[in-house]
Each structure stands twice: as structure tokens, then as C-alpha cells.
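> fold the following, please.
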Amino acid sequence: MTLSDTRRTPAQRVVVTGLGLVTPVGNDVPGSWRAILAGTSGVGLISHFDHTMFKTHIAAEVKDFDPTLYVDKKEARRMDRFLHFAAAATQEAVADAKLDVAYYGASRVGVLIGSGIGGIHILLEQHDLMKERGPRRVSPFAVPGLMLNSASAHVSIMIGARGPNLAVATACATGSHALGEAADFIRRGRADAMICGGSEAAIMPMAVAGFENMGAVSGRNDEPQRASRPFDKDRDGFVMGEGAGIMILERLDKAQARGARIYAELIGYGLTADAYHITAPLEDGSGAVACMESALADAGLAPEAVDYINAHGTSTPLNDASETLAVKIVFGAHAYRLAISSTKSMTGHLMGAAGAIEAIFSVLALRDQILPPTINYDTPDPSCDLDYVPNHARPAVGELNIVMSNSFGFGGHNGTVVFRRF
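I've put the predicted structure just below:
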């Protein structure tokens, strides 16, 4: 029995029982995971709008997605794209967990779904409509559609969950914070089950222009599928992505009592702030160091217990170098024995959904005992000299028991979650 087992009662232990995904490489968990293990890139030329006036022509878009498979057609027209993704991923996760709200009672099932940007599609469309045709043409559903908390609201209505209901917005750390905070609700006895994660759909002209003028996104337009290249010496910026990741978390004793299939246990959660810069991470990695150390302390683990890290790994020069440095500081010599990969090399950067989908990939790595790759890793960078599982997935050497997932967001928001094989 590990330290975290003895420190927490079965009512305080939190397990993963359901997973749901909508990503640029697949519209469900099986399809997304197959693509990740195959090293398939979801990046291509932008199809959502005419990109010819932009410097950036590429993004990782969700493909062949029909929201009416998950939401009534009339209702779908009133909802932003990020809400469509949240609804689809939630339905998959709930079905996967065989979660019955009646088993717990509606007030004991909560929802915590975040987004970095929220309903930007509806915001911009309705703004343009108002400018062209006047304020009376703005839809009465505009505000409910663009509200960042709408994902949690819609899911609670859809599922009938009346427990804690919250939304978080911490940029690229949102998804990890949603999972960690949801786990804490269960540990504190506020809920027995939580539907949690992140959703994002921000591939819109204004957002793309803002990121490209910031110098944050890749300019590798001629090679879209090779543009996202975390930890590679020739990385030149991240690639915007979209989608959603939803996880069902439950109290261990309750999940076992109902015979739930358990993927993993969420044993550690850390969150810190850099308190440094609105977009740049601390170059010495100290904010990320504190975050990972906090998660390890919460899990009751020594650094040497960790087998794999799903890195934040954005493919920006500064982030990848500072995260590598932070890993070396936290793990010491063990850093060189760790497997580390960035699945953003395939999905692009899903911003507010990134932490959730990457946590799901981490849990699937535990389940299948396989390490997802970092693709497009061609030229080693002296400042990034760890094992990034280059270009091809590989079976874990020995048992894969403990995995960590990092998310570090604009504003200096840091989030880390740790899972144990159950």
C-alpha cells in the first residue's frame, strides 16, 4: 500500500471511471488514442475562414464533427462550437463510466468544465451582426452562448447533475485545474462524482491574429503536419488546436460499490503562479518546479516514483527549455530516466482543453502500458536533452505505474496532476 493510500480513506480517494474526447485527431477516445499512438498529426490549413490575409495559415481543427449527433438541431444553432465539443465529450465520458446520476442522487454529482476563451464564435458573429444590422438583431441567446460557464451549465442540465457547478479559466492550465479542483470537491465531501475537464474552440480570425502578432504561433505554413515540434531545436511556436476532454471522477468506495471499471487513481494535484509575466514563463522554471513539487507532495510521492510525464511542451522556444530545466530541478538524475512526451506535437495546443485531453492520454498510457510519442523531433536541442519518446510510441520498460501531466498557462498559471495505475 502506498503512502497516499494510508493518508486517505476510501471516501477521500478519487478514481477515474470515464473518458470523453473530441480532438483534432479523432472525435472520440478510441479514434484519438489510435491516432496518437500512430504519430498522426491533426494540423492542416485553416478551413474555418479565409486565412490568406494572415501570416498563420495552419491550425489543428476538429474534423467531420456533427453537433446534432449530440444536441438537438435547434439547440445546437444557439450554442457556441466549444459547447458542442463539451456536450459530445461529456456524453462519451458518461456512457463510458456508466454513470447514473440517480445512483448518487443529483445533488451529489457535480460539474466543473473550464475554457480559456469560451464562446468566441458567438461573440464575434453577434458583434458583426450588430454592427451591420443594429442592436435589435443581436440574438437573445448571445450571452448564454458566449458565457464561459455555459459548458458546465449545459452539461448539468443535460445530465441532471445538481451538485457543485463551477467553471475555471486559467488559460492553458484550465483543463488541469478543472480536474484537480473537481478531485478536491470529492475529497472534501462536497460531491461523490464529478464531470470535469475543458473545452475550447478559438480558431477564429481575431484569436489567430492576436496569437500571430504576439509571435507565439508557428510560421511553418508549408509543412503543417510538421509545424508542431516540441523540444526540437527548430521549433518556432505552437499551433492552435480545438476540442474537448472530459473525465468522470468518483469516490473510490462508491465507484467500487457500483462495480465501476476504474482506469486510474488521481493521487496528486499542484497549482502555483509564476507572478512574473502575462505571457512568458519564468526562464529558470521555478514556477513549474513549485507546481510539480506541490503535486508530488499531495500524492505523497518521491520524485523517483514517477515513470512518465505528459509535458506542457508547446513547441515554443522558451516554454520547452524552461520546462526541461524545471523537470531536471525537480527530478535530478531521475530526469534522465523519465519518459517525457508532448502530445501537442499531434493535437496542437488546445489551450483551455489541453490539460484535460493530455491527462486523458496519460491515463490511457497507464492502461495500455505504452508511451505516446513526440513527433517531428528531428534535431536535438542542447537545452532540451531528456528522453522525449521521439517520433514513435513505445512500450513502457517495466511497469508504468505513476504518470504526471503538466499545464502552464498565460498569466503564469501552473497546474500539475498525477495519476497512479489502479
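> contacts, neighbours, all on C-alpha from now
OK.
> least confident secondary structure element in the protein?
Least confident element among the helices and strands of the chain, by mean pLDDT, DSSP states H and E: helix 3-7 (a mean of 58).
> so Ile113 lies in a strand, does it not?
Yes. According to DSSP: H, G, I helix; E, B strand; the rest coil, Ile113 belongs to a strand.
> please renumber so the chain begins at 45
Noted, 45 is the first residue going forward, which turns the last one into Ile157.
> my guess is it contacts Ala226. True?
No. The criterion here is Cα atoms under 8 Å, and Ile157 misses it with Ala226 at 9.2 Å.
> more neighbours: those two, which one.
Ile157 (37 against 30; other Cα atoms under 10 Å).
> so how far is Glu105 from the more buried one?
With distances taken as Cα to Cα, to the nearest Å, Ile157 is found 20 Å from Glu105.
> which helices and strands does the longest helix along the chain pack with?
Counting residues, the longest helix found in the chain (DSSP state H) is helix 125-141. If you count contacts as 3 or more Cα pairs under 8 Å, 6 or more residues apart in numbering; DSSP states H and E, helix 125-141 packs onto strand 58-66, helix 194-203, strand 237-244, strand 287-295.
> just for the stretch 345-466 of the chain, where's the confidence low?
Under the criterion pLDDT under 70, no range of the stretch 345-466 of the chain is flagged.
> tell me where it has strands.
352-354, 383-385, 414-415, 438-439, 446-453, 457-465 (DSSP state E, counting those that start in this stretch).
> okay if I get these as CSV plus distance to Gly281 and mean neighbour count?
CSV is the format used below for those (distance: least, Cα to Cα, whole Å; neighbours: other Cα atoms under 10 Å):
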stretch, distance to Gly281, mean neighbour count
strand 352-354, 18, 25
strand 383-385, 17, 26
strand 414-415, 24, 23
strand 438-439, 26, 14
strand 446-453, 15, 27
strand 457-465, 19, 27
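> residues in contact with Asp422?
Listed by Cα atoms under 8 Å, 6 or more residues apart in numbering, the contact partners of Asp422 are Asp276.
> recalculate using a threshold of 10 Å.
Residues counted as contacts of Asp422 (Cα atoms under 10 Å, 6 or more residues apart in numbering) are Arg273, Phe275, Asp276, Lys277, Asp278, Pro434, Asn435.
> and for the nearest residue to Pro188 once chain neighbours are set aside, the neighbour number?
Counting by Cα to Cα, 6 or more residues apart in numbering, Pro188 lies nearest to Ser194, which is 6.5 Å off, once chain neighbours are set aside. Ser194: 25 surrounding residues under other Cα under 10 Å.
> ok, Val115 next?
Using other Cα under 10 Å, Val115 has 17 neighbouring residues.
> ditto for Met174
15.
> got the confidence number for it?
As predicted, Met174 sits at a pLDDT of 91.
> which strands and helices lie in contact with the helix or strand containing Ala251?
In this assignment (DSSP states H and E), Ala251 forms part of helix 249-258. Helix 249-258 makes packing contacts with helix 164-177 when contacts are defined by 3 or more Cα pairs under 10 Å, 6 or more residues apart in numbering; DSSP states H and E.
> which residues touch the helix it packs on?
The contact list for helix 164-177, computed with Cα under 10 Å, 6+ apart, reads 122-126, 178-183, 185-192, 244-251.
> please repeat the previous calculation with a cut-off of 6 Å.
With contacts defined as Cα atoms under 6 Å, 6 or more residues apart in numbering, helix 164-177 is touched by Asp124, Val182, Leu190.
> that one: what's the following helix or strand?
Counting by DSSP H and E, what follows helix 164-177 is helix 186-190.
> so Pro156 is in contact with Leu210, correct?
Not quite, residue 156 is Leu, not Pro. Yes. Taking contacts as Cα atoms under 6 Å, Leu156 lies within contact range of Leu210: 4.8 Å.
> who touches the helix or strand hosting Ala299?
Ala299 is part of helix 296-301, with elements assigned from DSSP H and E. Applying Cα under 6 Å, 6+ apart, the contact partners of helix 296-301 are Pro54, Ala55, Arg57, Val58, Val59.
> tell me the most packed of the residues you listed, by neighbour count.
Val58 (31 neighbours).
> could you measure from Ala437 over to Ala383?
11 Å.
> now swap in Leu143 and tell me
33 Å.
> same check on Arg206?
40 Å.
> and the chain, what are its domains?
47-301, 313-465 (automatic domain parsing).
> could I get those domains as JSON lines with distance to Tyr307?
Formatted as JSON lines, those follow (distance: least, Cα to Cα, whole Å):
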{"stretch": "domain 47-301", "distance to Tyr307": "5"}
{"stretch": "domain 313-465", "distance to Tyr307": "7"}
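> still on that earlier bit, dump the contacts of helix 296-301 into JSON lines; add distance to Ala334 and pLDDT as well.
Formatted as JSON lines, those follow (distance: Cα to Cα, whole Å; pLDDT from 0 to 100):
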{"residue": "Pro54", "distance to Ala334": "28", "pLDDT": "86"}
{"residue": "Ala55", "distance to Ala334": "28", "pLDDT": "85"}
{"residue": "Arg57", "distance to Ala334": "23", "pLDDT": "97"}
{"residue": "Val58", "distance to Ala334": "23", "pLDDT": "98"}
{"residue": "Val59", "distance to Ala334": "25", "pLDDT": "98"}
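> list just the nearest of these to Gly88.
Minimum distance to Gly88 across the contacts of helix 296-301 is 35.9 Å, recorded for Val59 (Cα to Cα).
> look up the closest residue to the closest one, ignoring the ones flanking it.
Glu309 (4.2 Å).
> contact partners for that neighbour?
Val58, Val59, Val60, Phe463, Arg464.
> how many residues are close by the third one?
Around Val60 there are 27 other residues, counting by other Cα under 10 Å.
> element containing the closest residue to Val461 other than its chain neighbours, please.
Ranked by Cα to Cα, 6+ apart and with sequence neighbours excluded, the top spatial neighbour of Val461 is Tyr313, at 4.6 Å. For Tyr313, the host element (DSSP H and E) is strand 308-317.
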